[in-house]
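*Asks:* sharing a sequence plus its predicted fold:
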Amino acid sequence: MQIAVTGSIATDHLMTFPGRFADSLVVDQLDKISVSFLVDDLDIRRGGVAANIAFGMAGLGLRPLLVGAVGPDFVDYRAWLERHGVDTGGVRTSELRHTARFVCTTDRDHAQMASFYPGAMTEAREIELAPLADPASGFDLVVIGANDPEAMLRHTEECLARGYPFVADPSQQLAFADGPTIRRLIDGATYLFSNQYEAALTEQKTAWAAAEILDRVGTRVTTLGAKGVRIERRGEPVIEVGVARELRKADPTGVGDAFRAGFFAGLSWHLGLERCAQVGSMLATYVIETVGTQEYELGRGGFLERLVDAYGEQAGADVAPHLRIARP
């Protein structure tokens with residue numbers, strides 16, 4: 001399957017302040033605020049939902065096409081992704097803006113002060129999918145993840161016009177989008193992904209009941225945190241898959257992206273939806289055990305053994321013929 005993964009590509013700049021922000025704030029002077037904090041450390045991580053998903057798929061042996069917009073500062077990040085098996089041929093480089101950046105400082109009370117610079121991401125709206133696709137067959141699946149809102153709409157409309165099956169996965173953009181925009185993003189999707197809160201927010205903002213949303217999409221996949229995932233299709237029994245057991249909990253950031261990567265890998269291997277969710281849940285467990293969204297390492301034997309331990313021998317037998325753990 002040729003799968004294109006569209007969405008944000010960014011770097012996270014994370015700092016830790018050993019004190020409390022509250023000690024430096026004067027409530028009746030907030031309109032004149034001017035503060036500076038001396039931080040202990042700076043941790044720069046690779047991120048962005050599209051890059052995280054593509055990285056996870058490549059780790060399982062696929063070569064997804066990453067589609068998004070970055071700045072000229074993307075050179076090292078591009079090399080990292082290519083070295084790990086991601087096709088970056090769909091990435092547009094801006095001549096004017098830096099790669100999107102999330103800058104966040106966390107104090108000892110876990111209060112945070114953060115800024116997000118979209119930068120080159122705003123140019124993703126200039127990307128047309130068709131020139132990136134196989135001229136004969138197009139795309140088998142296009143993942144439309146959180147991105148510049150105009151880019152998300154353009155990709156959705158192009159998929160509908162050209163008949164490309166697509167995944168609607170607006171995630172973080174749901175908080176900012178209005179009802180009509182969300183309707184345009186999800187109506188006609190082959191798959192709709194969200195977490196439990198986002199699912200409720202989608203219903204609230206679109207004014208579509210859960211049943212009506214299911215009528216408008218092929219498959220609805222809702223992650224439920226520690227309770228696993230629920231998969232719904234019109235006229236078919238609900239599929240529920242529990243989480244795989246983690247060895248430790250280090251950092252939950254990027255868990256949802258890894259789940260999607262594993263799920264899409266299962267689709268590319270033509271596995272059933274339950275098995276796709278199991279592969280996704282297993283990959284997500286690797287991320288929660290690691291600090292950073294792209295810092296985990298897979299070993300073919302280890303991944304299969306853990307998959308069997310979580311979901312049984314048949315799950316391992318179904319996945320084993322397809323699994324090709326990529327090595328950088």
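*Replies:* In hand now; what should we look at?
*Asks:* helix, strand or coil for the closest residue to Glu232 other than its chain neighbours?
*Replies:* Spatial nearest neighbour of Glu232, chain neighbours left out: Arg220 (4.6 Å); criterion: C-beta to C-beta, 6 or more residues apart in numbering. (Each C-beta comes from the backbone N, C-alpha and C, glycine too.) Following DSSP: H, G, I helix; E, B strand; the rest coil, the label given to Arg220 is strand.
*Asks:* now for the lowest-mean-pLDDT helix or strand in the chain, which elements pack on it?
*Replies:* In the chain, the helix or strand scored least confidently by mean pLDDT, DSSP states H and E is strand 112-117, which has a mean of 86. With contacts defined as 3 or more C-beta pairs under 8 Å, 6 or more residues apart in numbering; DSSP states H and E, strand 112-117 has these neighbours: strand 100-106.
*Asks:* low-scoring stretches of this structure, by residue?
*Replies:* Along the chain, segments meeting pLDDT under 70 span 300, 326-328.
*Asks:* continuing past the biggest helix by length in it, what's the next helix or strand?
*Replies:* Secondary structure of the chain per DSSP state H: the longest helix is helix 273-288. Note on helix 273-288: by DSSP states H and E, the next helix or strand toward the C-terminus is helix 300-311.
*Asks:* what angle sits between that following helix and helix 273-288?
*Replies:* Per axes from the mean of the first three to the mean of the last three C-alpha atoms, to 10 degrees, the angle that helix 300-311 makes with helix 273-288 is 120 degrees.
*Asks:* buried stuff in helix 300-311?
*Replies:* By neighbour count on 16 or more other C-beta atoms under 10 Å, the buried set for helix 300-311 is Phe303, Leu304, Arg306, Leu307, Val308, Ala310, Tyr311.
*Asks:* one step back: the least confident helix or strand of the chain pairs with which strands?
*Replies:* With DSSP bridges as the test, strand 112-117 is paired with strand 100-106 (antiparallel).
*Asks:* buried residues in the strand it pairs with, which are they?
*Replies:* Residues of strand 100-106 classed as buried by neighbour count (16+ other C-beta under 10 Å): Ala100, Arg101, Phe102, Thr105, Thr106.
*Asks:* now those as CSV including distance to Arg46?
*Replies:* Formatted as CSV, the buried residues of strand 100-106 follow (distance: C-beta to C-beta, whole Å):
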residue, distance to Arg46
Ala100, 12
Arg101, 12
Phe102, 11
Thr105, 19
Thr106, 19
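*Asks:* what are the boundaries of the strands in the chain?
*Replies:* With DSSP state E, the ranges of strands along the chain come out as 3-6, 10-16, 41-47, 65-70, 87-93, 100-106, 112-117, 141-145, 166-169, 191-195, 219-223, 229-233, 239-241.
*Asks:* ok so, going back, between the buried residues of strand 100-106, which is nearest Val238?
*Replies:* Phe102 (35.2 Å; C-beta to C-beta).
*Asks:* list the contacts for that closest one?
*Replies:* Phe102 sits next to Ala10, Thr11, Asp12, His13, Gly47, Ala114, Ser115, Phe116, Tyr117 when contact means C-beta atoms under 8 Å, 6 or more residues apart in numbering.
*Asks:* Arg275 and Ala315 touch, don't they?
*Replies:* Yes - between Arg275 and Ala315 there is a contact under C-beta atoms under 8 Å: 6.3 Å.
*Asks:* now the longest helix of the chain, how far from the centre of its chain.
*Replies:* Relative to its chain's centre, helix 273-288 lies at 13 Å (C-alpha atoms, centre = their mean, to the nearest Å).
*Asks:* for that helix, packing partners?
*Replies:* If you count contacts as 3+ C-beta pairs under 8 Å, 6+ apart, helix 273-288 packs onto helix 49-59, strand 229-233, strand 239-241, helix 255-268, helix 300-311, helix 313-319.
*Asks:* need the winner for burial among those.
*Replies:* helix 49-59 (a mean of 29; mean count of other C-beta atoms under 10 Å).
*Asks:* roughly how far apart are the closest residue to Gln112 other than its chain neighbours and Ser8?
*Replies:* With C-beta to C-beta, 6+ apart as the criterion, Gln112 has its nearest non-adjacent residue at 5.0 Å, and that residue is Thr106. Applying C-beta to C-beta, to the nearest Å, the value for Thr106 to Ser8 is 21 Å.
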